[in-house]
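[1] Sequence and predicted structure below; questions after.
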Amino acid sequence: MLRQANAVDFWRGFALATIFINHIPGIFYSRFTHAKLSFSDSAEIFVFLAGWALRYTTRSLEGRPVYLALRLGGRAIEIYTAHIVITMIAIATLAASATLLSTPQLLEWHKVPVLFQEPVLTHLGLSLLTFQLDYFNILPLYVVLMTAAPLLAVMDRYSPSTLLLLSVTIYLVTLSTPVPIPTWPMDGQWFFNPLAWQLVFVLGFVLAREDGAGGFLRRHIVIIRWLSLPIVLISALIVWSGWWPDPTAIPQPRLFFVCDKTYVTPIRLVQFLALVAIATAAYPAIKRAIPSAVEFLSMLGRHSLLVFCVGSILSLAGYIARFIYEPDLAVDTVVVISGIAIMALAAQLAEWHQQMKVPSLRPIRAIPPAIPQPERPIALQQLDASQPG
């Protein structure tokens, strides 16, 4: 049975749609996404809600630790497989487009050149997640987080306060040192540093709890919303006006004072949490005002991995289309409408597949035929009827 529309699926669908748009560089409609008025963007939504969904999984499998570990491990393998598949599709798409359109410039995109220059090492790096194409680098983070999820679930069960404290400590050490996660065979670092982004994941997991930090948040949500509102508005004004500080005047450790996506620095994190507080009030109003949009985005969110994979390939296709045709509003409109429509079709097909699943039938034991009994004489039947009871 399909889940009803809810806030988690709605915001996850919202994140998927905006990720698709923002992964097409230069497209007109990206200026209308919330990333243009926010320090944070849809990546934080995606990771935070993954942690929130982990709470539902652990709650439904409470008391079954082995099954929980297998479930989460299987999910990590599923995400890893999806990442490898869409990465290979992206490479093939760029290679085919460059060949068919006689445009070798396409082979310069997304770190693809090193793949053809050093195919042995880069394919090994792909399998180890140490080589990642641009715009195809959030699923490796997700793989790491889901691999660590069983340990997080165990810590949360026995010492929830220790889990949050440890997560914050790892985050602060990573920013103060800093601690990069290197890429290979190309020199560089992961675009999403797992040691920093784990805090966003853990916060989603912890705040979804009914007690502890999550309970405190629910009891004081009205006050928190009023405190969050100026943070969101001031952040939007800074981003809109471009009021960024002089990079040479930033004190050390600098990651505590800059807006950096790789390390999801405190400026981004605080603004994102303020945005979450506002969003908890916005969802009921959105559901009342435009229920069809809520249903549509919730459908995307229910099948987040599939829709994300389809959207990633479509973003690349849209980028190529804008490269082939002179980009204008008409081209961008066709790219966005057709892309979101295909993502919706993928989600709808997944829903139809779920609805058509036939539950496994238990073997029906053969019922032996009744053994015919000899008919009793009429006199005996009358004697039976005369007996009491």
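    Arrived safely.
[2] Quick check: which ranges of the chain have low pLDDT?
    Filtered on pLDDT under 70, the chain yields the residue ranges 1, 358-389.
[3] any idea where the helices of the stretch 101-250 of the chain begin and end?
    112-117, 119-128, 138-158, 160-176, 194-207, 212-219, 221-241 (DSSP state H, counting those that start in this stretch).
[4] so of these, which one's packed in deepest?
    Highest mean neighbour count among those (mean count of other CB atoms under 10 Å): helix 194-207, with a mean of 24. Where you see a C-beta, it was placed from the backbone N, CA and C, and this is true even at glycine.
[5] Serialize the helices of the stretch 101-250 of the chain to CSV and add fields for distance to residue 26.
    Shown next, in CSV, are the helices of the stretch 101-250 of the chain (distance: least, CB to CB, whole Å):
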stretch, distance to residue 26
helix 112-117, 19
helix 119-128, 27
helix 138-158, 20
helix 160-176, 31
helix 194-207, 26
helix 212-219, 38
helix 221-241, 18
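[6] out of those, which comes closest to residue 30?
    Residue 30 lies closest to helix 221-241 among the helices of the stretch 101-250 of the chain, at 13.5 Å (CB to CB).
[7] tell me what that closest one is packed against?
    Packing partners of helix 221-241 (3 or more CB pairs under 8 Å, 6 or more residues apart in numbering; DSSP states H and E): helix 266-289.
[8] could you say what helices and strands the helix it packs on packs with?
    Packing contacts for helix 266-289, counted by 3+ CB pairs under 8 Å, 6+ apart, involve helix 7-22, helix 42-60, helix 194-207, helix 221-241, helix 291-302.
[9] Quick one: work out the angle between that helix and helix 42-60.
    Between helix 266-289 and helix 42-60, the angle comes out at 70 degrees (axes from the mean of the first three to the mean of the last three CA atoms, to 10 degrees).
[10] Tell me how far helix 266-289 lies from the chain's centre.
    Relative to its chain's centre, helix 266-289 lies at 17 Å (CA atoms, centre = their mean, to the nearest Å).
[11] if we can go back for a sec, figure out which of the helices of the stretch 101-250 of the chain is closest to residue 66.
    Proximity to residue 66 (CB to CB) singles out helix 138-158 among the helices of the stretch 101-250 of the chain, at 9.9 Å.
[12] thinking again about what came up before, now render the helices and strands packed on helix 266-289 as CSV, adding distance to residue 93.
    Below are the helices and strands packed on helix 266-289 laid out as CSV (distance: least, CB to CB, whole Å):
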stretch, distance to residue 93
helix 7-22, 16
helix 42-60, 23
helix 194-207, 27
helix 221-241, 32
helix 291-302, 22
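[13] can you tell which of these is closest to residue 277?
    Distance to residue 277, taken as CB to CB, is lowest for helix 221-241 among the helices and strands packed on helix 266-289, at 4.1 Å.
[14] on that earlier part again, identify whichever of the helices and strands packed on helix 266-289 lies nearest to residue 119.
    Per CB to CB, nearest to residue 119 of those: helix 194-207, 26.6 Å.
[15] For residue 357, which of the helices of the stretch 101-250 of the chain is the nearest?
    For residue 357, the closest of those is helix 138-158, at 24.3 Å, according to CB to CB.
[16] what's that closest one packed up against?
    Against helix 138-158 (3+ CB pairs under 8 Å, 6+ apart) you get helix 42-60, helix 65-100, helix 160-176, helix 194-207.
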